[in-house]
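Student: Sequence below, structure please.
(chains A and B)
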Amino acid sequence: MSDGGGQSGEALIRLANVTKVFGGSVAALRGLDLALDEGDFISLLGPSGCGKSTALRLIAGLTHPTSGAIRWRAGTQPDLGVVFQEPTLAPWSTVFSNVWLPLRLRGVSRRAAKAPVEEAIASVGLEGFERAYPRELSGGMKMRVSIARAMVTRPKLMLMDEPFAALDEITRFKLNDDVLALQRQLGCTVIFVTHSVFESVFLSSRIVVMAARPGRVVHDIDNRVEVERNADFRTSHDYVERCHWVSAALRNAMEAA
Amino acid sequence: MSDVIGSRAAPPTAATPEIDLEELARMRRRRLERVAAWVLPALVMAAMLWGWDWMVRAYAIPHYILPGPGRVADTLVTEWPSLAASLMITLKTTFLALSLAILLGGGLAVLFSVSRWAELSFFPYAVILQVTPVIAIAPLIFIYVSDVNLGLFIIEEKLVGLLICAWLVTFFPILSNTTLGLNSADHNLRDLFRIYGASRWQTLWYLQMPAAMPYFLGGLRIAGGLALIGAIVAEFVAGTGGTGSGLAFRILEASYRLQVPKMFAALILIAVTGILIFAATSLISHLVLRRWHESAVRRDR
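Tutor: Numbers count the residues shown, from 1 in each chain, chains lettered A, B, ... in the order given. Predicted structure coming up:
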């Protein structure tokens, strides 16, 4: 098993010996060491309770470590884009206003936001739906709006917390392709929490396998591939073999718990 | 109030010639129901009026005990000048109390959502005010109130008392519903606002207030009716006569004089006012929520 981290200069973000304890007794994470490089697509893979979502919340700054430190290369947290498991749209707002929200909170007027918002909506393939309300959209379309909202600020780092877990497989495959295309377009780093081996192998250049009770890293897998990640890759022998490999690592992680 | 979906969903008729029997039956049933929703209550009303009228005639009941509907209608016309003046007074009290309830109830709810300490400190007292019958507090209120001088104009003592009583029963549904609504904003959306560095004010304005809107409007529909009830109850307690008196006093006055038809006429005005207030608040709620909230969205099936 090769180590995917730390191969190029200083890491974008470094979690040093991070422990997070809830309510004084439940250790969601214990002694987590993780260095994440710029430009990587990193999957955090593990069973429920392994602290992968907690790790994401720590990186987002929504909660703080009980002990240990989170260090950013630039000293401060860069612009973030966040996609949750649910689309998490404001039902009272149109698609346009939902995507406008991150800019609006920074004081960007509707007129000034028009170009970037429409660009983001177009890049997830929802041109013409600007004036629609979330309840008029399908689950997959709502998730696209959520992604458009996350990318409208052109973030350096995209955090995705099991974004496609609630979708059907056909929609999920399509959105997997879209996310890869968007990462290429934005050139951002992605941290992707998932419990799907297949999704993590298809998407990520690095797979961090975590175990539960307490949450910790048990495997760190380099999953860079030479070919393009497309439908051919999904049906290739190489892909199947990698899935085998990661499945074994995940099984191992669950036994370790 | 029809056509909620608007332009987005195509109507099932016209464009689609393929309609099976089941679909046809359902469409017919729906059309029938729409008509019946108006016709059936009207028929019930007609039957009740007829039964009332028949009973009064058949048993020769004197009009100072139970007047027939025709006599009540006549009284409504002949006594209109005095009744209309009183109606305006009651309406003024009702709408002032409702406005105060929206301002103070809503304002207090916002304060509670901003400060948990304020909520913990004051909410129990709001509950106590709500559960104590206003009719039991009203006589005390009328002892202590005096004219309020607002500089531009003076609110006279009696109106102040009426407003306090009506406000006491009106503000709680707005306060409690709005508080619930402000606290029920989606937690992931709250996280998103934090990640984007939203200020307290931005979170309140762009997230909590829209999320609270359906709850607030639900409270408003209850409060509208309660404002009228509060105004009437307060008028009964205040009990002062003269030109500046509301419908409740007209009922009291008519009962002392055994003018039973006038009592009915005033009662009808109060009931109609209540229905109109409910219809108006329902319409406002529908107009505000129709684009996005489940309660106001019509489903095809």
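
Student: host element of the closest residue to residue B:185 other than its chain neighbours?
Tutor: Closest residue to residue B:185 apart from its sequence neighbours, by C-beta to C-beta, 6 or more residues apart in numbering or on different chains: residue B:211 at 4.0 Å. (Glycine included, C-beta is placed from N, CA and C.) Applying DSSP states H and E as the criterion places residue B:211 in helix B:209-238.

Student: List the buried residues in the next helix-or-strand element following that helix.
Tutor: Note on helix B:209-238: by DSSP H and E, the next helix or strand toward the C-terminus is helix B:247-256. The neighbour-count check on helix B:247-256 (16 or more other C-beta atoms under 10 Å in any protein chain shown) flags B:247, B:248, B:249, B:250, B:251, B:252, B:253, B:254 as buried.

Student: Could you dump these into JSON lines with distance to residue A:183 added?
Tutor: Below are these laid out as JSON lines (distance: C-beta to C-beta, whole Å):
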{"residue": "B:247", "distance to residue A:183": "70"}
{"residue": "B:248", "distance to residue A:183": "70"}
{"residue": "B:249", "distance to residue A:183": "74"}
{"residue": "B:250", "distance to residue A:183": "75"}
{"residue": "B:251", "distance to residue A:183": "74"}
{"residue": "B:252", "distance to residue A:183": "77"}
{"residue": "B:253", "distance to residue A:183": "79"}
{"residue": "B:254", "distance to residue A:183": "79"}
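
Student: ok, so of those residues, who is nearest chain A?
Tutor: residue B:247 (38.9 Å; C-beta to the nearest C-beta).

Student: how close does that closest one get to residue B:68?
Tutor: Residue B:247 is 22 Å from residue B:68, where distance means C-beta to C-beta, to the nearest Å.

Student: and if you look at residue A:85?
Tutor: Distance from residue A:85 to residue B:68, by C-beta to C-beta: 67 Å.

Student: State the pLDDT value of residue 185.
Tutor: All of this is about chain A. At residue A:185, the pLDDT value in this model is 87.

Student: that's the wrong chain, I wanted chain B
Tutor: 92.

Student: So it sits against residue B:213, correct?
Tutor: No. Counting by C-beta atoms under 8 Å, residue B:185 sits too far from residue B:213 to count as a contact (11.0 Å).

Student: The closest residue to chain B within the stretch 151-257 of chain A: what secondary structure?
Tutor: Closest to chain B within the stretch 151-257 of chain A is residue A:153: 8.1 Å, counting by C-beta to the nearest C-beta. With DSSP: H, G, I helix; E, B strand; the rest coil as the basis, residue A:153 sits in coil.

Student: circling back to that earlier point, centre of the chain versus the helix holding residue B:211, how much separation?
Tutor: 5 Å (C-alpha atoms, centre = their mean, to the nearest Å).

Student: so how far is residue B:269 from residue B:87?
Tutor: Taking C-beta to C-beta, one finds residue B:87 at 5 Å from residue B:269.

Student: Overlap of the contact sets of these two?
Tutor: Common neighbours of residue B:87 and residue B:269, counting by C-beta atoms under 8 Å, 6 or more residues apart in numbering or on different chains, are residue B:247.

Student: for chain A, what are the nearby residues on the stretch 51-200 of chain B?
Tutor: Taking C-beta under 8 Å from any C-beta of the partner chain as the contact definition, the stretch 51-200 of chain B meets chain A at B:186, B:188, B:189, B:191, B:192, B:193, B:194, B:195, B:196, B:197, B:198.

Student: circling back: the more surrounded of residue B:185 and residue B:213?
Tutor: residue B:185 (21 against 18; other C-beta atoms under 10 Å in any protein chain shown).

Student: which residues does that one contact?
Tutor: Per C-beta under 8 Å, 6+ apart, neighbours of residue B:185: B:207, B:208, B:211, B:212.

Student: and with 6 Å instead?
Tutor: B:207, B:208, B:211 (C-beta atoms under 6 Å, 6 or more residues apart in numbering or on different chains).

Student: and it, which of the three is it?
Tutor: For residue B:185, the assignment made with three-state DSSP gives coil.
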